[in-house]
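Participant: build the 3D model from these lines:
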Amino acid sequence: MLNEVLARIIRCSAWNLLSSVALRMSGLITGMIVSRIVGKDDFGSYSIVLVTIGTFYSISGAGFGTAAARYIAEHRTSDPAQASAVIRDTQRFAIIAASAAALLIFMFSKQLAGSVFAAPHIDSLLAASSIWMFLSIVTAEQNGVLTGFEAFRQTSAVNFIYALISVVSSGLAAAYCGITGVIAANTLSAGVLYLMNCRVIHLQRVSHGMMATAPKSHTGPSLILQYSLPALLSSIIVYPANWTCTALLSRQPDGVPEVGIYNIASQWRNLVVYLPGVVSMVFVSVLANRSKLMKDSDTMKIYAANLGLNIVFSVATAAPMIIFSETVMSWYGQEFSHGSKCLTAMLISGCLLSVITVAGQAMVLQTLIWPWFWLNLIWASALICFSWVFRMSGSYGVALANVIAFSIHLLNIMIYLGVRTLFMTSSGNKEPKCPRPQKT
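Facilitator: Numbers count the residues shown, from 1 in each chain. From the prediction side, this is the model:
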């Protein structure tokens, strides 16, 4: 059983790795092209739009894709009708939440631009990004559905096409229409991604016999209350914390260009942590599908191997970029080269985050989602506090706050898991079973 699960994880991770590489590289290449064309100030404005989209996305629907992946993986073979109901209901919730978020950002774009970021000139950019944000939320739920099906090969092909369209269209739009054109190009690319995902999901439902089986009337309140809600709350903490730090940075003298530097450093940090993200999504699907048949000792071996690999790969990825940080930043233009210290600090925080990702995934699979929420709340408080303390140091100050906050976060996770393990061992209790949607 252990060998079978490991083989599935390796196979699925390989496809998911290709998908993630395509997306990450497209984001980095797009950033380099756009920054060189529009300049430091406009790229800073574009970065504010990106952070705002991420924040509203987390508030509106980050938990639905996670819940869909978890429960579709568990029920796609044993109860196709239940899995079909999960797809239907999470899609409905995602569309409703995405519509509300898009409407809010469109209506309050002036207030966000002027009062929050002290950059009233970007209000039209924020309003124009509302459709892009709607599509981002809906496609995130679709990605969760495809993860539950373990359709990583098909997802890789779709994401490669999307990445190619995104890079080409964004570069052309930046050259001829500026930042407004880049936002329009990203909206178009997201629309194409949505349509391709719809096609792949339809084919997966056909192959699993879901089209011939009527879905259950509903999935039950436990799906939202026991899994989606705490996962959503955890995401709500993460993105608004980063958004708050971005707002603090943008309000400083010459703050908007510093936001651009911070965004570049964040993208390279994402490259460091993408492997934990790749493997963690596979873990949710494979282990949820086989959890009933696996021994606890086998599960712990898989976690240990995952942790070791993530540490090795994150350090190996970050080290060369730290050494050549000035060169990396100069790829975006000479006016960005002084951001090398910010990049170095963010890469270090990425190594910490890669370890935290593994620990967090272990807690999610053990349904310790509420403790994970409180640990994230402590991390967010530390990040905001230290960002305020170091705000006058610009992008480097916020990056340094990330290193401190993630160090505190990792320490708190280790303390919590250590104390819980001692308690479970002394009391002789077993780990609680993962909750399932109610059947009707």
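Participant: in contact with the closest residue to residue 127 other than its chain neighbours, which residues?
Facilitator: Nearest non-adjacent residue to residue 127, counting by C-beta to C-beta, 6 or more residues apart in numbering: residue 109, 4.0 Å away. All C-beta atoms are positioned from the backbone trio N, CA, C, and that covers glycine. Contacts for residue 109 (C-beta atoms under 8 Å, 6 or more residues apart in numbering) come out as 123-124, 126-127, 130.
Participant: now swap in residue 131 and tell me
Facilitator: By C-beta under 8 Å, 6+ apart, the neighbours of residue 131 are 102, 187.
Participant: what pLDDT is listed against it?
Facilitator: On pLDDT, residue 131 comes in at 94.
Participant: for this protein, what's the longest helix?
Facilitator: The residue-count maximum for a helix in the chain (DSSP state H) belongs to helix 152-207.
Participant: tell me the average confidence for it?
Facilitator: 92.
Participant: name the helices or strands packed onto it?
Facilitator: Judged by 3 or more C-beta pairs under 8 Å, 6 or more residues apart in numbering; DSSP states H and E, the packing partners of helix 152-207 are helix 2-38, helix 40-75, helix 80-107, helix 123-128, helix 130-148.
Participant: just checking, next helix/strand downstream of the helix or strand harbouring residue 320?
Facilitator: Per DSSP states H and E: residue 320 is located in helix 296-323. Later in the chain than helix 296-323, the nearest helix or strand by DSSP H and E is helix 325-330.
Participant: show me what that next one is packed up against.
Facilitator: Helix 325-330 packs on helix 255-290, helix 340-365, going by 3+ C-beta pairs under 8 Å, 6+ apart.
Participant: out of these, which gets the lowest mean score?
Facilitator: Across the helices and strands packed on helix 325-330, helix 255-290 gives the lowest mean pLDDT, at a mean of 75.
Participant: secondary structure element holding residue 375?
Facilitator: Assigned by DSSP H and E, residue 375 falls in helix 369-389.
Participant: and that helix, what does it pack onto?
Facilitator: Where contact means 3+ C-beta pairs under 8 Å, 6+ apart, helix 369-389 is packed against helix 229-250, helix 340-365, helix 395-427.
Participant: nearest to residue 31, out of these?
Facilitator: Closest to residue 31 of the helices and strands packed on helix 369-389 is helix 340-365 (C-beta to C-beta; 12.6 Å).
Participant: so the closest one versus helix 369-389, what angle?
Facilitator: 160 degrees (axes from the mean of the first three to the mean of the last three C-alpha atoms, to 10 degrees).
Participant: run the chain-centre distance for helix 340-365.
Facilitator: 12 Å (C-alpha atoms, centre = their mean, to the nearest Å).
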